[in-house]
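my questions concern the predicted model and sequence given below.
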Amino acid sequence: MSALSVLLPVRNAVTTIARAVASVQAQTWTDWELVVVDDGSTDGTRAWLRAAARAEPRLRLIEQPAQGIVAALNAGLAAARGRFIARMDADDECHPERLAVQTAFLADHPTIGLVACRVGYGGDRSVQAGYAHHVDWQNGLVTPDQIALNRFVESPLAHPSVMFRREVVERHGGYRDGDWPEDYELWLRWLEAGVAMAKVPRELLTWHDPAGRLSRTDPRYGPEAFFRVKAGYVAREVGRLRGPDPEVWIWGAGRPTRKRAAMLTEHGVRIVGYVDIDPRKTGNRVGGVPVIGPEALPPPGSIFVLGYVGKRGARETTRAALTQRGYREGRDFLMGA
């Protein structure tokens, strides 16, 4: 049995699969199996993989009709034999020391259930500046506290960069199918269950950004899907911090923010007011609740605030304003966008 299984689902990636497999074969850590799940490829990927499996005994090919990414991932999890499981995608590249560094990290930190790494952005920063900014944001989250506190902003981990313990899957379950990004739902569920996650502060994977990737073409990876899936997790976390039937103030009174924050009410959260820096909005009432400026916030401990403004730079402004007023992140407020 290998100490490590690398799980790689693939469909129609004949132009990139050789590069991805070669990057695993080039690892300094050699005790691995590469579990490749071909999910109904029709472009020559499967033929290439069959030939590669004949030449590389550590490559285990699972063939299935097209069932989708979640079915492919769970088929791979069921087949994986390693104590640790690393993710990999068919259009990305591992750096040579990735598996060695992450395996050593998990061996040295028994309380950590999952470790990711920083990733290099393999796209055009001038064309896809928003996604590049997201990669930079992710790379800044390294410690378990940073990852946990920012988990409701966006996915704090690049999916193909993670390695986790098999026991975490056995205890808390694998991927779930639904109208949400399957990796983000998994991180939220595991974090809620108390799984500590960290990140090696080294760039150990190149995360490519092709135009046809699922996160660009499938509505399950759109902004509204992220807000839907995290609403229940946010509500439960606020309930844990504030007790049943929690009341919250939402930072941000614009229509998109209110629409997304309203998803929380379906999970028992009561929005009692909005905070906004725009003087044209303060002093009004929206949906029957007041809109106040930051200067009118009650003292820390008396209310709970969720930062739901997604405009670039607004999160940092919101966090700084609340911190300056004595609010403590994770106790008095959380960032949700």
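Ah, there it is.

show me where the stretch 51-200 of the chain has its helices.
Under the criterion DSSP state H, counting those that start in this stretch, the stretch 51-200 of the chain contains helices at 69-79, 98-108, 129-139, 144-149, 166-172, 182-192.

looking at those, which is buried most?
Comparing those by mean neighbour count (mean count of other Cβ atoms under 10 Å), helix 182-192 comes out on top with a mean of 21. All C-beta spots, glycine's among them, are computed from the backbone N, C-alpha and C.

run through the neighbouring helices and strands of that helix.
Counting by 3 or more Cβ pairs under 8 Å, 6 or more residues apart in numbering; DSSP states H and E, the packing neighbours recorded for helix 182-192 are helix 69-79, helix 166-172, strand 196-208, helix 223-242.

one step back: quick one: which of the helices of the stretch 51-200 of the chain is nearest residue 249?
When the helices of the stretch 51-200 of the chain are compared by Cβ to Cβ, helix 144-149 sits nearest residue 249, at 18.3 Å.

pLDDT (mean, whole number) over that closest one?
Helix 144-149 shows a mean pLDDT of 98.

just the buried positions in stretch 283-293, please.
Using 16 or more other Cβ atoms under 10 Å as the test for burial, stretch 283-293 gives 286, 290-292.

quick one: which of these is nearest to residue 59?
Among the buried residues of stretch 283-293, residue 286 lies closest to residue 59 (Cβ to Cβ), at 56.9 Å.

may I have the beta-bridge partners of that closest one?
Beta-bridge pairing of residue 286 under DSSP bridges involves residue 289.

give me the pLDDT for it.
On the pLDDT scale, residue 286 gets 92.

re the thing from before, could I get the helices of the stretch 51-200 of the chain as JSON lines with distance to residue 247?
Rendered in JSON lines, the data for the helices of the stretch 51-200 of the chain read as follows (distance: least, Cβ to Cβ, whole Å):
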{"stretch": "helix 69-79", "distance to residue 247": "36"}
{"stretch": "helix 98-108", "distance to residue 247": "40"}
{"stretch": "helix 129-139", "distance to residue 247": "30"}
{"stretch": "helix 144-149", "distance to residue 247": "21"}
{"stretch": "helix 166-172", "distance to residue 247": "30"}
{"stretch": "helix 182-192", "distance to residue 247": "21"}
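
okay, domains of the chain per the record?
According to automatic domain parsing, the chain comprises the domains 4-221, 232-335.

start and end of the longest one, how far apart?
In other words, domain 4-221. 29 Å (Cα to Cα, to the nearest Å).

let's test this: name the helix or strand in the chain with the lowest mean pLDDT.
When the helices and strands of the chain are scored by mean pLDDT, DSSP states H and E, helix 214-217 comes last with a mean of 55.

hang on, the earlier thing: in JSON lines: the helices and strands packed on helix 182-192, plus mean pLDDT and distance to residue 19.
Shown next, in JSON lines, are those (pLDDT from 0 to 100; distance: least, Cβ to Cβ, whole Å):
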{"stretch": "helix 69-79", "mean pLDDT": "98", "distance to residue 19": "19"}
{"stretch": "helix 166-172", "mean pLDDT": "98", "distance to residue 19": "27"}
{"stretch": "strand 196-208", "mean pLDDT": "97", "distance to residue 19": "9"}
{"stretch": "helix 223-242", "mean pLDDT": "94", "distance to residue 19": "29"}
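
mind putting those into CSV with distance to residue 184?
Output for the helices and strands packed on helix 182-192, formatted as CSV (distance: least, Cβ to Cβ, whole Å):
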stretch, distance to residue 184
helix 69-79, 13
helix 166-172, 15
strand 196-208, 13
helix 223-242, 6
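
I'd like to know which of these is closest to residue 10.
Using Cβ to Cβ, the nearest of the helices and strands packed on helix 182-192 to residue 10 is helix 69-79, at 7.9 Å.

which strands and helices lie in contact with that closest one?
strand 4-10, strand 32-39, strand 59-64, helix 182-192.

CA-only coordinates of that helix in PDB, if you can.
Output of helix 69-79 as PDB, limited to C-alpha atoms (Å, rounded to 0.1, in the frame of the first residue of the first chain):
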ATOM      1  CA  ILE A  69     -16.900  15.800 -11.200                       C
ATOM      2  CA  VAL A  70     -18.400  14.700  -7.800                       C
ATOM      3  CA  ALA A  71     -19.000  11.100  -8.900                       C
ATOM      4  CA  ALA A  72     -15.400  11.000 -10.300                       C
ATOM      5  CA  LEU A  73     -13.900  12.400  -7.100                       C
ATOM      6  CA  ASN A  74     -15.800  10.000  -4.900                       C
ATOM      7  CA  ALA A  75     -14.900   7.000  -7.100                       C
ATOM      8  CA  GLY A  76     -11.300   8.000  -6.700                       C
ATOM      9  CA  LEU A  77     -11.600   8.400  -2.900                       C
ATOM     10  CA  ALA A  78     -13.200   4.900  -2.700                       C
ATOM     11  CA  ALA A  79     -10.300   3.400  -4.700                       C
END
